[in-house]
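> Turn this into a structure:
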Amino acid sequence: MCIGIPMQVIETAPGHALCAGRGESRRVRTALVGDVAPGDWLLVFIDSAQERLDALRVHEINATLDLLQSAMDGDLPDPQEHPLAAFELPSRWTTEQLRALSGASLPRPSESTS
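Residues are numbered from 1 along each chain as shown. Presented below is the predicted three-dimensional model:
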C-alpha cells in the first residue's frame, strides 16, 4: 500500500520540486500537477506529486496520518482530541453508507434489504 504525504514546495526546477513534509525532504516529479511555486502544498506518493492541496486538507491528512501512526504504536488517541482524524472502518458502516461509497443505488422501498 502506498500512502500520500502532504509536502510543501521549497524550491522548483523544470518538472520537479524540492518538497518538505512530515520530517523529511525529497525531490518529486510535478508532471501531474503542472507548475508549482514555493509554498504550494502537494500530495506526494513515493516521488511524484499527485494532487494540489489547500491548508485545511493538509491539516486533515496530517491528523489522519498521526492517528494511523498512533494506532501502529498501539496508542489510539481519544477522537474528541483529534476530531479531524476520526474515522470509522468500513466494517462498521451501514448498508446505505457502503452503497453510497460504491456508487450503488439505494434499494427501493418495495425491495427487501435482508
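
> from here on, contacts and neighbour counts on C-alpha atoms
Will do.

> In contact with residue 43: list those residues for me.
4, 5, 6, 7, 49, 50, 51, 52, 53 (CA atoms under 8 Å, 6 or more residues apart in numbering).

> what does residue 51 give?
32, 33, 42, 43, 44.

> Next, work out how far apart the fourth one and residue 74 are.
By that I understand residue 43. 26 Å (CA to CA, to the nearest Å).

> got it, and the first one?
Separation of residue 32 from residue 74 (CA to CA) stands at 36 Å.

> Compare those two (neighbour count), which wins?
Higher neighbour count among residue 32 and residue 74: residue 32, with 12 against 9, using other CA atoms under 10 Å.

> wait, what's in contact with that one?
Contacts of residue 32 by CA under 8 Å, 6+ apart are 48, 49, 50, 51.

> What score does the first one have for pLDDT?
We note a pLDDT of 97 for residue 48 in this prediction.

> Wait, a strand at residue 31?
No: according to DSSP: H, G, I helix; E, B strand; the rest coil, residue 31 belongs to no strand; its state is coil.

> pLDDT weak spots in this structure?
Applying pLDDT under 70 to the chain flags the ranges 1, 76-91, 104-114.

> ok, and for the top helix by length along the chain, which residues are buried?
Assignment by DSSP state H gives helix 55-72 as the longest helix of the chain. Going by neighbour count (16 or more other CA atoms under 10 Å), the buried part of helix 55-72 is 58, 60, 61, 62, 63, 64, 65, 66, 67.

> Quick check: next helix or strand after it?
Sequence-wise, the next helix or strand downstream of helix 55-72 (DSSP states H and E) is helix 95-102.

> send the alpha carbons of the lengthiest strand in the chain over as CSV?
Ordering each strand of the chain by length in residues (DSSP state E) puts strand 5-13 first. The C-alpha coordinates for strand 5-13 follow below in CSV (Å, rounded to 0.1, in the frame of the first residue of the first chain):
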residue,chain,number,x,y,z
ILE,A,5,2.2,12.5,2.3
PRO,A,6,1.4,16.2,2.3
MET,A,7,4.6,18.1,1.4
GLN,A,8,5.2,21.8,0.9
VAL,A,9,7.2,23.1,-2.1
ILE,A,10,10.6,24.6,-1.0
GLU,A,11,12.1,25.2,-4.4
THR,A,12,11.3,24.3,-8.0
ALA,A,13,13.1,23.1,-11.1
